[in-house]
Every structure is written in C-alpha cells, then in structure tokens.
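Asker: Take a look and give me a structure for this.
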Amino acid sequence: QGRLVESGGGLVQSGGSLRLSCTESGFTSAWSTIAWFRQPPGKDRERVSCMRNDDDRTHYADSVKGRFTISRGRGTVYLQMDSLKPEDTAVYYCAASDFVSDICPPQSYFETWGQGTQVTVSS
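Answerer: Numbering: from 1, shown residues only. Predicted coordinates for the structure are as follows:
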C-alpha cells in the first residue's frame, strides 16, 4: 500500500511563503488524483488544491486561488504557499485517490493520507 509523508510546515509571518512537500512511496499503481487538504484549529478539514495525474489539470479553493500553487516532481508533490494569511493556519495533509473528475473529488474518495504538517501564520 502506498504511503505519503508531508514536510515543510512551520511558523511564518503574515505575507510570507512556505513550500510543503508530499513524498510518495510504495504505490503499486499510479494515483489518479492527488490533493492537499487542511484542517484549521476547531474546524473541519477542507480541500485546498488537487492535481490530476493524466493531464496535470489543477483546481484550487477560492480562498487560496492566486496564492497557492500545486506542482509535482519525481515522486513528490509540492504546495507553494505565498502571501500567507493568519487564516491559512492549519494542519496540512496530502492525499491520493484512484478517482478522477473534472474538479477535485470529495474527501471520501481519497484512500491514502499523510500524517499532516502544521503551518502557523502569525499576524
């Protein structure tokens, strides 16, 4: 079974940048969609961005559009986060799905999850 490990979280001032990494291993078949989710303190987990494996099509939540960028390298998926705001504070997770759609699949369609990495944005 595949495994995902996030890294790159930390404390940053408002307006700053961070780049999260999600390293994959052990997948016996390629995922169809990979995504970043986040869970702010005291709130539900929400989808941030996703990317399709077949055509690299991306999708972003309105709250991060224009500030965050999802990309991938060999065996790693990245989330570049610029112009960070205090409301971006959350635990960030990457997740993989065998499902593909025109927009990001719902959370329940993602079978493999990382352990999460904390991002804290100070005002």
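Asker: Spatially, and excluding backbone neighbours, which residue is closest to Asp98.
Answerer: In space, and not counting its chain neighbours, Asp98 is closest to Ser32: 5.2 Å by C-beta to C-beta, 6 or more residues apart in numbering. In this view, the C-beta of every residue, glycine as well, is placed from N, C-alpha and C.
Asker: residues contacting the one you found?
Answerer: Under the criterion of C-beta atoms under 8 Å, 6 or more residues apart in numbering, the contact list for Ser32 reads Arg52, Asn53, Asp54, Ser97, Asp98, Phe99, Val100.
Asker: so can I have a markdown table of the residues you listed showing neighbour count, distance to Ser25 and secondary structure?
Answerer: Shown next, in a markdown table, are the contacts of Ser32 (neighbours: other C-beta atoms under 10 Å; distance: C-beta to C-beta, whole Å; DSSP: H, G, I helix; E, B strand; the rest coil):
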| residue | neighbour count | distance to Ser25 | secondary structure |
| --- | --- | --- | --- |
| Arg52 | 18 | 21 | strand |
| Asn53 | 16 | 16 | coil |
| Asp54 | 9 | 21 | coil |
| Ser97 | 22 | 17 | strand |
| Asp98 | 15 | 17 | coil |
| Phe99 | 14 | 21 | coil |
| Val100 | 16 | 22 | coil |
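Asker: So what touches whichever strand or helix holds Ser21?
Answerer: Using DSSP states H and E, Ser21 sits in strand 18-25. Residues outside strand 18-25 that contact it (C-beta under 8 Å, 6+ apart): 2-10, 12, 31, 34, 36, 75-81, 84, 92, 94, 96, 114, 117, 119.
Asker: Could you do stretch 38-50 as well?
Answerer: 33-37, 58-61, 64, 68, 70, 79, 87-93, 104-105, 107, 116, 119.
Asker: Quickly list what His59 is bridged to.
Answerer: Cys50 (DSSP bridges).
Asker: count of neighbours near it?
Answerer: 18 (other C-beta atoms under 10 Å).
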